[in-house]
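Peer 1: let's see this in three dimensions:
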Amino acid sequence: MVTVVLKVRLDIPGVTSLKEKRRILKSLLTRLGNNFNISIAEVGDNDVLRRATIAAAVVSNSGAHGDEVIAKVVNRIEASPDVLIADYSTESY
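Peer 2: This is a model prediction of the structure:
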């Protein structure tokens, strides 16, 4: 069993309130969770207006499959028009 964890620091330009930020993040996290069957949540920068830190995890019987899913998640986040990836890292356990 392999667990692959992704941590992403996001910039959210153009938001003017925490309510708007949370709406954008909730939409993104729900779509990613449903499309890729992963666990995902906001894990940092909760009260910072234009920045967020999210983490996602996938459990698989193959490290290559876990890495493939995480790569697709990163690509989907990059394609999102509302957020920009400032930095990300992955770890396998």
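Peer 1: C-alpha only now, for contacts and for neighbours.
Peer 2: Will do.
Peer 1: in stretch 20-29, what counts as buried?
Peer 2: Neighbour counts using 16 or more other Cα atoms under 10 Å place 21-22, 25, 28-29 of stretch 20-29 among the buried residues.
Peer 1: closest to the centroid, which residue in this protein?
Peer 2: Ile54 (4.8 Å; Cα atoms, centre = their mean).
Peer 1: and that one, how far from Gly14?
Peer 2: 19 Å (Cα to Cα, to the nearest Å).
Peer 1: and Asp67, which of the three is it?
Peer 2: Following DSSP: H, G, I helix; E, B strand; the rest coil, the label given to Asp67 is helix.
Peer 1: how many neighbours does it have?
Peer 2: 21 (other Cα atoms under 10 Å).
Peer 1: same check, this time on Val43
Peer 2: 14.
Peer 1: show me what contacts it?
Peer 2: With contacts defined as Cα atoms under 8 Å, 6 or more residues apart in numbering, Val43 is in contact with 53-55.
Peer 1: helix or strand: which one has it?
Peer 2: Assessed by DSSP states H and E, Val43 sits inside strand 39-44.
Peer 1: may I see the buried residues of that strand?
Peer 2: The neighbour-count check on strand 39-44 (16+ other Cα under 10 Å) flags 39-42 as buried.
Peer 1: same question for stretch 48-58.
Peer 2: Quick answer for stretch 48-58 (16+ other Cα under 10 Å): 49-58.
Peer 1: mind checking the SS state of Arg22?
Peer 2: helix.
Peer 1: tell me the spacing between it and Ala64.
Peer 2: Taking Cα to Cα as the measure, Arg22 and Ala64 are separated by 32 Å.
Peer 1: same question, Phe36
Peer 2: Going from Phe36 to Ala64 by Cα to Cα gives 15 Å.
Peer 1: using PDB, write down the CA coordinates of stretch 41-55.
Peer 2: C-alpha atoms of stretch 41-55 as PDB (Å, rounded to 0.1, in the frame of the first residue of the first chain):
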ATOM      1  CA  ALA A  41      -8.900  19.900   2.200                       C
ATOM      2  CA  GLU A  42      -7.600  23.400   2.900                       C
ATOM      3  CA  VAL A  43      -4.800  23.000   5.500                       C
ATOM      4  CA  GLY A  44      -3.300  26.400   5.800                       C
ATOM      5  CA  ASP A  45      -3.600  30.200   5.200                       C
ATOM      6  CA  ASN A  46      -7.300  29.900   6.200                       C
ATOM      7  CA  ASP A  47      -7.700  33.600   7.100                       C
ATOM      8  CA  VAL A  48      -5.300  35.000   4.400                       C
ATOM      9  CA  LEU A  49      -7.400  36.700   1.700                       C
ATOM     10  CA  ARG A  50      -5.500  35.900  -1.500                       C
ATOM     11  CA  ARG A  51      -3.600  32.700  -0.500                       C
ATOM     12  CA  ALA A  52      -4.500  29.200   0.400                       C
ATOM     13  CA  THR A  53      -2.700  25.900   1.200                       C
ATOM     14  CA  ILE A  54      -4.500  22.700   0.200                       C
ATOM     15  CA  ALA A  55      -3.400  19.100   0.600                       C
END
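Peer 1: alright, that wraps it up for me.
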